[in-house]
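Participant: from the sequence below, what's the structure:
(chains A and B)
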Amino acid sequence: MTKSKSAQLRFVYLWMGIILAFYIVLRFIPIFNSFRLSFFKWDLINPVKPFIGLDNYRRLAGDEDFIVAFRNTLIFSVFLVSLSLVLSLAFALTLQKKFRGKGIFETLYFLPYVIAVVPAALSWKFIYDPTNGALNHILGLVGVPKQAWLINDRLALGSIIAMSIWQRVGYNMVIFTVGLGEIPADYYEAARVDGAGVLRIFRKITLPLLTPVTLYLLIMNTIEAFNIFTPVYVMTTGTQSAPGSVTKVLVMEIYQNAFRFFKMGYASAQSVCLFAIVLVVSLLQFSTFGRRER
Amino acid sequence: MKRSKKILVMILVMTVFASFLHAGGAAEKPKQKQTIQVWLGWPGLLEVFKKAKADFEKENPNVELEITAMNLRDFEQKLAVSLPAGTGPDIFITSEYIVPLYISAGLVSPPPEKVAQFIDKNFDALVKSVNRFSGPGDSKPRIYGVPHIGIARVQYFNKDMMKEAGLEPKAPETWDQLFDAARKIVKYDKDGNITRSGMSLRIFGGGSGIGEKFMIKLVQAGGSFLGRTADGGWKAAYNSEAGVDTLSYYLDALYTYKIDSFEAKKDTDAFVNGLTAFYDRELFPVPIIHKTSPNLSFGTAPMPGKVHRGTVYSTESYFVPKSAKNKDLAWDVVLFFQREPYVKAFFKDQGWIPPRTDIDFSDIFKIYPEYRAAFDFPAGYRLWLYPPLAQGDEIITKFANKIAEAFKNSALAGNRAAIRALLDKLAEETNGILKEAGILGQGPIVAPGDVIEAPKDMGYQYK
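Facilitator: Numbers count the residues shown, from 1 in each chain, chains lettered A, B, ... in the order given. Model prediction:
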């Protein structure tokens, strides 16, 4: 190795090391502490933390509230991830064609992603208002009766999913667009010469070559979906929101146990559980799509 | 890499590093001014506090008050994290069901003698009795905070709607009278949807609010939420005939008589817009209604009842944490906020009742006679108090989430056996939480744990 290359490597290791040190302090140590706390009983206030072994985890298994929150989060994640990916791929494919105003459409689809979550959720709460909301007003023009979007327990979770899809689609579309741009045009040309139709080209060329991008979006969207909190919190507090546990999600359950009920040890066990679920799901996705890529 | 580029990269990284060190930190304050931080969970009170802050800083130019009002749940979370770490405020305002945990952990300072004497001399007996707690080393419960407000919920009724229905425009005193009136007032569209509810029930939106309104009805049905056993322990008491009557109240309103629904507009919003005839709340809507709907003909009254008339009573007080750097100054600030102009401003403009016996409030009652409902208790009126337990919020929130699910179950309407079975199941969860805390009582309940008879005279000056 030459002297200058060695100097360059030293430089890289030095500054990467500093950044890694920050990452360890700000990420790994809190995660490790959370894991450690899950074996203790702690009310956040008292310095005394008795060690209780696996009691917090045993309690999780029979905790109805946790099971309901997990079920809601799973439903939320499945629908958000699948629908937002399908929609965003459809938009990305449409925007592959050159047409007038293409830039405006790209901007409009991406705008929801850059809006902060809290004002976006508040706006949607007004849109969904059963008495004065815009959605009921528009649907009323075509004869659809007024719906209690965030109150009706059959519609509440779906309404939040719809809002989250709206916010997510733009980002996914941009990533898919990048991925589509990487596919060599020659492949499409060759396929067309061989007489392949649009659908066959999509199935045999576009989809397989988009696998790395799809895998990335699948994993990132899944992680974000399982960690959903802000839109649910903003849209379901107040006197006009879904009754009971209809929209309770895992992070809300963890937050409530930690900061309202002062059960930090138990909340830590729930966090570890959430971490494990997301890890397993991500690994499954890696292994399924990784095989396809090979 | 060129040397100049290396230097540039190093400067960039050091800048990022420096920004991490300052992340979340406030800028250094000039050393000559002392700062007193005040935190509260009611943003609506900020205007009055701003006026008090300006006046205090004028009198004390070497002191700066930083008053932060935030959403209630965010405030409680911030308090939970900062007080044990010693990074909390110098003064915080909270309720008697939140503070016991901090006091028992030794995180709150008891007031000095002059403040204790001020409290003893100028506040009503009820607010003082509700605010006695035991900290480490206390041989008996004592007062730790200066009471800020004492709140009894009242019923609101629309006089015009009652007249329109051929009823005398006065507040119902019994459940039967309330239901009769609501049934005459409710209106539907051609599809059978409620366009004007007879009464507005709190049936969703945040656990402990639902729980509190349920407690009001439970007291009126002659019950209590928790009971005391002979060994001094606590036990769920709502799985009783009174509890069945209470849940039946909601189910009858929603399904048997259809005088309210999940889709109907709720609460103050519904009342000011003429979309409901009766609802329960604190006094703060009164000035709002006068301001936004001056033509609305309404009244307030003590709550009706089935066995007793009754309501919920809760308080908020100023506390000084042990971690406050200048406790004497902090208590001086608290006493400043107790001056008559600010106390009256909280009451008049915001509807929050200062539990003071030394201030004449009759001028405020001339402007807002509706405030009397929170003071003129009828004989035998009952008050439900938040249980003084660290687990209180958890118990009530979890109960409320489950009872809100029950509100959706139309099959329960009229089925007392099924309602009782449901309440017994919920009581298992409540008792489980009490058992985990080591305070579950054994044996039968010998006394209500959270209901008292209201004092005949609170001692306020307003007549």
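Participant: quick one: mean pLDDT for stretch A:223-232?
Facilitator: Mean per-residue pLDDT for stretch A:223-232: 92.
Participant: can you list the buried residues in that stretch?
Facilitator: The neighbour-count check on stretch A:223-232 (16 or more other C-beta atoms under 10 Å in any protein chain shown) flags A:224-226, A:228, A:231-232 as buried. In short, each C-beta sits where N, CA and C put it, glycine included.
Participant: what about the helix or strand hosting A:I67, near chain B?
Facilitator: Element membership for A:I67, per DSSP states H and E: helix A:64-94. Yes. Shown here: helix A:64-94 in contact with chain B (C-beta under 8 Å from any C-beta of the partner chain) through A:D65.
Participant: so how far is that helix off the chain centroid?
Facilitator: Here helix A:64-94 shows a centroid-to-chain-centroid distance of 8 Å under the convention C-alpha atoms, centre = their mean, to the nearest Å.
Participant: summarise which helices and strands that helix is packed against.
Facilitator: helix A:156-181, helix A:211-226, helix A:250-255, helix A:264-293 (3 or more C-beta pairs under 8 Å, 6 or more residues apart in numbering or on different chains; DSSP states H and E).
Participant: now the ones you listed in TSV, with distance to B:L275?
Facilitator: TSV is the format used below for the helices and strands packed on helix A:64-94 (distance: least, C-beta to C-beta, whole Å):
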stretch	distance to B:L275
helix A:156-181	22
helix A:211-226	37
helix A:250-255	30
helix A:264-293	40
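Participant: give me the element B:Y279 is part of.
Facilitator: Per DSSP H and E: strand B:278-281 holds B:Y279.
Participant: er, A:Y109 I mean
Facilitator: Counting by DSSP H and E, A:Y109 is found in helix A:102-114.
Participant: for the next helix or strand after that helix, which positions count as buried?
Facilitator: Later in the chain than helix A:102-114, the nearest helix or strand by DSSP H and E is helix A:117-127. Residues of helix A:117-127 classed as buried: A:117, A:120-121, A:124-125, A:127 (neighbour count, 16+ other C-beta under 10 Å).
Participant: from the stretch 1-150 of chain B, which residue is nearest to chain A?
Facilitator: Nearest residue of the stretch 1-150 of chain B to chain A, counting by C-beta to the nearest C-beta: B:Q77, 4.0 Å away.
Participant: hang on, B:D245 packs against B:K306?
Facilitator: Yes. If you go by C-beta atoms under 8 Å, B:D245 and B:K306 touch, sitting 6.2 Å apart.
Participant: determine the longest helix present in chain B.
Facilitator: Identified as the longest helix of chain B according to DSSP state H is helix B:416-436.
Participant: alpha carbons only: can I get that one in PDB?
Facilitator: Taking C-alpha atoms only, helix B:416-436 is exported to PDB below (Å, rounded to 0.1, in the frame of the first residue of the first chain):
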ATOM      1  CA  ARG B 416     -78.300  -6.700  33.400                       C
ATOM      2  CA  ALA B 417     -76.800 -10.100  33.900                       C
ATOM      3  CA  ALA B 418     -74.400  -9.700  30.900                       C
ATOM      4  CA  ILE B 419     -73.500  -6.200  32.100                       C
ATOM      5  CA  ARG B 420     -72.700  -7.500  35.600                       C
ATOM      6  CA  ALA B 421     -70.600 -10.300  34.100                       C
ATOM      7  CA  LEU B 422     -68.700  -7.700  32.000                       C
ATOM      8  CA  LEU B 423     -68.100  -5.500  35.100                       C
ATOM      9  CA  ASP B 424     -66.900  -8.500  37.100                       C
ATOM     10  CA  LYS B 425     -64.300  -9.200  34.300                       C
ATOM     11  CA  LEU B 426     -63.100  -5.600  34.300                       C
ATOM     12  CA  ALA B 427     -62.900  -5.700  38.100                       C
ATOM     13  CA  GLU B 428     -60.400  -8.600  37.700                       C
ATOM     14  CA  GLU B 429     -58.100  -6.400  35.800                       C
ATOM     15  CA  THR B 430     -58.400  -3.500  38.300                       C
ATOM     16  CA  ASN B 431     -57.800  -5.800  41.200                       C
ATOM     17  CA  GLY B 432     -54.800  -7.300  39.300                       C
ATOM     18  CA  ILE B 433     -53.200  -3.800  39.100                       C
ATOM     19  CA  LEU B 434     -53.900  -3.200  42.800                       C
ATOM     20  CA  LYS B 435     -52.400  -6.600  43.600                       C
ATOM     21  CA  GLU B 436     -49.300  -5.800  41.600                       C
END
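Participant: what is the next helix or strand after it packed up against?
Facilitator: Under the assignment DSSP H and E, the closest C-terminal helix or strand after helix B:416-436 is strand B:445-448. Here strand B:445-448 touches strand B:226-229, going by 3+ C-beta pairs under 8 Å, 6+ apart.
Participant: pull the strand it packs on out as PDB, backbone CA atoms only.
Facilitator: Presented in PDB, the C-alpha positions along strand B:226-229 are these (Å, rounded to 0.1, in the frame of the first residue of the first chain):
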ATOM      1  CA  LEU B 226     -62.900   1.700  44.400                       C
ATOM      2  CA  GLY B 227     -63.700   0.600  47.900                       C
ATOM      3  CA  ARG B 228     -61.700   0.100  51.100                       C
ATOM      4  CA  THR B 229     -61.500  -3.200  52.900                       C
END
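Participant: so what touches it?
Facilitator: Residues outside strand B:226-229 that contact it (C-beta atoms under 8 Å, 6 or more residues apart in numbering or on different chains): B:234-238, B:387, B:395, B:430, B:441-450.
Participant: how about it: buried residues?
Facilitator: Quick answer for strand B:226-229 (16+ other C-beta under 10 Å): B:226-229.
Participant: repeat for stretch B:97-112
Facilitator: Neighbour-count burial for stretch B:97-112 [16+ other C-beta under 10 Å]: B:97-105, B:107-111.
Participant: quick one: contacts for A:V178?
Facilitator: Taking C-beta under 8 Å, 6+ apart, one finds A:V213 in contact with A:V178.
Participant: quick one: it from A:L215, how far?
Facilitator: Using C-beta to C-beta, to the nearest Å, we find A:V178 at a distance of 14 Å from A:L215.
Participant: what residues are up against A:N136?
Facilitator: A:129-130, A:146-147, A:149 are the contacts of A:N136 under C-beta under 8 Å, 6+ apart.
Participant: distance between the helix or strand hosting it and the chain's centre?
Facilitator: Assigned by DSSP H and E, A:N136 falls within helix A:134-141. Here helix A:134-141 is found 29 Å from its chain centre; the criterion is C-alpha atoms, centre = their mean.
Participant: again, but for stretch A:20-30
Facilitator: On C-alpha atoms, centre = their mean, the centre of stretch A:20-30 falls 23 Å from that of its chain.
Participant: which residue, other than its chain neighbours, is closest to residue 151?
Facilitator: Because you didn't say which chain, this covers chain A. The shortest distance from A:I151 to any non-neighbouring residue, by C-beta to C-beta, 6 or more residues apart in numbering or on different chains, is to B:F262 (5.3 Å).
Participant: my question was about chain B
Facilitator: In space, B:I151 is closest to B:E282, 5.1 Å off (C-beta to C-beta, 6+ apart).
Participant: surely that neighbour touches B:Q155?
Facilitator: No. Here B:E282 does not reach B:Q155: they are 11.6 Å apart, not a contact under C-beta under 8 Å.
Participant: the more surrounded of these two?
Facilitator: B:Q155 (23 against 18; other C-beta atoms under 10 Å in any protein chain shown).
Participant: can you check the pLDDT for that one?
Facilitator: 96.
Participant: wait, it touches B:F298, no?
Facilitator: No. Look at B:Q155 against B:F298 with C-beta under 8 Å: they stay out of range, at 10.6 Å.
Participant: I'd like the contacts of A:N136 as JSON lines, with neighbour count and secondary structure appended.
Facilitator: What follows is the contacts of A:N136, written out as JSON lines (neighbours: other C-beta atoms under 10 Å in any protein chain shown; DSSP: H, G, I helix; E, B strand; the rest coil):
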{"residue": "A:D129", "neighbour count": "20", "secondary structure": "coil"}
{"residue": "A:P130", "neighbour count": "19", "secondary structure": "coil"}
{"residue": "A:K146", "neighbour count": "18", "secondary structure": "coil"}
{"residue": "A:Q147", "neighbour count": "18", "secondary structure": "coil"}
{"residue": "A:W149", "neighbour count": "24", "secondary structure": "coil"}
